[in-house]
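# show me the folded form of this:
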Amino acid sequence: MKRTAEDGLGKWIGAAEVALLESVEEATAERFAGLAAGLLRHCPQKLWDLLREASKGELDEVPALENLLERLAESLVGVGRLAEAGDLLRAARHWEVGLAGSVYRQLAQAQMLSGETARAEETVRELLKRDPADLDALRLLYRLLGRTGRTAEAHDVLSRLVELDPTAATAAWAFRERAKLGEAGGRPVRIALLSSYVLDPLIPFLDVECRRAGLSPAFYVTPFNQYTQEVLDPSSGLHSFSPEIVFVALELEDLFPGIRRMPSVDELARSRDEIRGTVTALIRELHARCPGLIVVHELALTGPSPHGILDNRRGDGLSRWVENVNRDLADELGSQPHTFLLPLREVLARAGTERGQSRKLRYMARMRHGDAALRELARYSMRYVKPVKGLTRKCVVVDLDGTLWGGVVGEVGADGIQLGPTAPGIEFVDFQEALLNLTKRGILLAICSKNNMDDVMPVLREHKHMVLREEHFSARRINWRNKAENLAEIADELNIGLDSLVFLDDNPVERELIRRLLPDVLTVELPRDASQLRATLENLTDFEQLAVTKEDELRVGQYEANRLRQALKRSSGRLDEYLHSLEMRADIARARASHVARLVQMFNKTNQFNTTTRRYQTQAMAQFVASPDHRVYVLEVADRFGEHGIVGAAIVREERKTWHIDSFLLSCRVMGLSVETVLLKQIYDAARVRAIGRLVGEFVPTVKNGPTADFYRRHGFRLDGDVRGTQTWILDPRVDRIEDPAWIAVTVTEE
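Residues are numbered from 1 along each chain as shown. Just a heads-up that it's a prediction; the model follows:
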């Protein structure tokens, strides 16, 4: 009976379908939609079998195709047909049908649960190609990378998450996750925070910035409002931590509680003296116990002056008073060599005072800064952290068309480019001024442009609105070759590493090429709006130095002189003829206090000719210079084309019968001229005069100091041992000999 009923019903369905198709024009699509809905509920894989071989043209007839495919993919995942769901997503891309990100995430999660980790990662990465800002997809990718032990990549994803969602909650979550991951390598840095208010939320943001710079940070935060005890107690957690950099953040209201109650002129004067004395005394005590760099946050009001618009007209006005207090602190701290005053008011202005300060959190939890200020403060803090770790970039490589001026010079000519006193054009003049300012701090400029030399040079030499001229660029590559090859040649010509270069180009295709082929180069994402070029450059934290030395000021001219040296070298028949023709002079002296800034700079930036790459900061270097048990030498070189400045240094530790060369380094600018020999010869001479029987040099191999590998062997030292990667080389000054190069005139000052 049942069989007969089913057969009858089947006939009726068939007849009804024919009647519907004959009487209604849209019935085909309507009927398919109804059948598809039934298959989705009862047998989604059958529906997929029907669709998978379809062409894009056939699918154009399917109503609400995107919605149907999304529901089908979800149904396939729901019944465990993960392979079919993956095929569907790939087919949808082929059919150019965009499916919702939730479909990809649902499939990836199911693949993870079933152990198909590789397929899950493939699904997530495909979604991220479509939408790089999908936070949920990034969280899934992070989980996958963590499962497969790819720690470094997982750290990068956490940083990306905080960049896309820069809230304190996401930053704190990422920071906690890093602790579970373990470290991914990178140069270690120890950072301490001393504050009179709760500053712990800064740590996750600062952690992200450090990792972007290739650093692996460790942090110490003093217990709430116990900064004085931590500084004064030699056994405190602060001193046990031994920080390389200390940030000191004191709230003005904590130092002067009555400031919000309209204090009198006398009260302001008295408090100004007290604040200066309190902060100065604290920093002096910190100096005495901590060898690291000290950065004190400027003092700032947390709200408007109670005097309103009359504030700057009154003797007891607070704005001018706060300015004077900060000026006092700048003067006091500026007299100490490794202490800086961070311009907190500038940082808060970047964030916006109202967004930057959280009154609610201040009242509830003694937290002063909101998310916006914390992000800006972390970014600005890197201006101090990077130079401490020797991460200052040395050269900016710029494109021309669309970067230094508007328009394509080969098409519109020198007179047609956008460059002048009005917009469009003044934006590029302003940008060039910012680049020129960098050269005055010792940063080099170079050109890398796909262009014709005959079109470009008239602009560089003659255009009346060009701020930068031919002589400002230490290297130039103006041709039609691959820019990655050109950048590598520029680094080689300037004798610096690729990690010293910053690349600025308005073309996103060129930027992506350099990111892929030369990841060590910092490739900056330039804005399309030319009015933002200068701000983008000035917001970079990669050009800061803890001191500007004579050598920095001379650097651009030194590279021009080096071009003349290379021309002379090409014209000389033999190497010894060339070296003699340079008329080199070397001055060697025992270092003095005035040399400390340059020595710190060299020890933290020199990588290639550096026997141990030990990094010393200001206080440690000053102690070496003043120590009766150490000799610190500086080497200054000049030739017929000009001064190189201080280009070599060495630290020697004296013992009764043995001298140990702790460090020996040389600027890459003078490598290959044998000036290292005259410095080593002076150490040798001093040891020989004092009848020292053993001169010991250490060599610690690194990725970059290959040029130093045979330094001691070339000068007669013998390998004495290799313990845990540290080679020990010895020479007996009483027996062995080192000779000065004949082409260098040497002057020695022993004090």
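
# list the buried residues in the longest strand along the chain.
Across the chain, the longest stretch assigned as strand under DSSP state E is strand 642-654. Of the residues in strand 642-654, E643, H644, G645, I646, V647, G648, A649, A650, I651, V652, R653, E654 count as buried by neighbour count, 16 or more other Cβ atoms under 10 Å. Quick note: C-beta positions are derived from backbone N, CA and C, even for glycine.

# over to stretch 308-323?
Counting neighbours by 16+ other Cβ under 10 Å, stretch 308-323 gives D311, D316, G317, L318, R320, W321, V322 as buried.

# before we move on, what about stretch 88-106?
Buried-residue list, stretch 88-106, by 16+ other Cβ under 10 Å: L88, L89, A91, A92, W95, V97, L99, V103, Y104, R105, Q106.

# tell me the pLDDT at the third one?
In other words, A91. On pLDDT, A91 comes in at 87.

# check which helix or strand covers it.
helix 82-94 (DSSP states H and E).

# pull the distance from that helix to the chain's centre.
In terms of Cα atoms, centre = their mean, to the nearest Å, the centre of helix 82-94 is found 39 Å from the chain centre.

# and that helix, what does it pack onto?
helix 44-51, helix 65-78, helix 101-113, helix 117-130 (3 or more Cβ pairs under 8 Å, 6 or more residues apart in numbering; DSSP states H and E).

# apply 10 Å and report the result again.
helix 44-51, helix 56-59, helix 65-78, helix 101-113, helix 117-130 (3 or more Cβ pairs under 10 Å, 6 or more residues apart in numbering; DSSP states H and E).

# closest to W729 out of these?
helix 117-130 (48.7 Å; Cβ to Cβ).

# next, the contact list for T749, please.
By Cβ atoms under 10 Å, 6 or more residues apart in numbering, the contact set of T749 is D587, I588, A589, R590, V634.

# if we go to 8 Å?
D587, I588, A589, R590 (Cβ atoms under 8 Å, 6 or more residues apart in numbering).

# would you turn these into a markdown table with secondary structure and neighbour count?
Below are these laid out as a markdown table (DSSP: H, G, I helix; E, B strand; the rest coil; neighbours: other Cβ atoms under 10 Å):
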| residue | secondary structure | neighbour count |
| --- | --- | --- |
| D587 | strand | 16 |
| I588 | strand | 23 |
| A589 | strand | 18 |
| R590 | strand | 16 |
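
# for the buried residues of stretch 88-106, which one is nearest L301?
Nearest member of these to L301, counting by Cβ to Cβ, is R105, at 46.8 Å.

# surely the closest one and D131 touch.
No: counting by Cβ atoms under 8 Å, R105 does not reach D131; the two are 10.9 Å apart.

# could you pull up the mean pLDDT of the longest helix seen in the chain?
Ordering each helix of the chain by length in residues (DSSP state H) puts helix 265-289 first. The pLDDT scores in helix 265-289 average 92.

# name the helices or strands packed onto the longest strand of the chain?
Looks like strand 642-654 contacts helix 550-571, helix 596-605, strand 630-639, strand 658-666, helix 675-689 (3+ Cβ pairs under 8 Å, 6+ apart).

# and the pLDDT at E230?
The model's pLDDT for E230 equals 93.

# what about the buried residues of stretch 308-323, which are in helices?
Reading helices off the buried residues of stretch 308-323 with DSSP H, I get L318, R320, W321, V322.

# between those, which is nearest R476?
V322 (48.0 Å).

# mind listing what the closest one touches?
L252, L299, A300, L301.

# what's the pLDDT at the nearest residue to the first one once chain neighbours are set aside?
On the basis of Cβ to Cβ, 6 or more residues apart in numbering, the spatially nearest residue to L252 that is not a chain neighbour turns out to be L299, at 4.4 Å. Looking at L299, its pLDDT is 94.

# one step back: pull out the buried residues from the longest helix of the chain.
L268, S271, R272, I275, R276, V279, T280, L282, I283, L286, H287.

# which strands and helices sit next to that helix?
helix 227-232, strand 245-249, helix 252-255, strand 293-297, helix 318-334.

# how far does it sit from the chain's center?
34 Å.

# one more: stretch 430-440?
20 Å.

# send the alpha carbons of that stretch over as CSV?
Extracted in CSV, the C-alpha atoms of stretch 430-440 (Å, rounded to 0.1, in the frame of the first residue of the first chain):
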residue,chain,number,x,y,z
ASP,A,430,58.6,70.6,3.1
PHE,A,431,59.4,66.9,2.8
GLN,A,432,62.8,67.7,1.3
GLU,A,433,63.5,70.1,4.2
ALA,A,434,62.9,67.3,6.7
LEU,A,435,65.3,65.0,4.8
LEU,A,436,67.9,67.8,4.8
ASN,A,437,67.6,68.1,8.6
LEU,A,438,68.4,64.4,8.9
THR,A,439,71.7,65.0,7.1
LYS,A,440,72.7,67.5,9.8
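
# any idea of the mean pLDDT in it?
95.

# show the contacting residues for the residue nearest the centre of the chain.
Nearest to the mean C-alpha position of the chain, by Cα atoms, centre = their mean, lies A213 at 3.5 Å. By Cβ under 8 Å, 6+ apart, A213 lies in contact with M382, V385, K386, K389, L391.

# wait, is the third one part of a helix?
Spelled out, it's K386. Yes: with DSSP: H, G, I helix; E, B strand; the rest coil as the criterion, K386 is part of a helix.

# that one: neighbour count?
23 (other Cβ atoms under 10 Å).

# can you name the residues that contact it?
A213, T392, T541, D542, E544.
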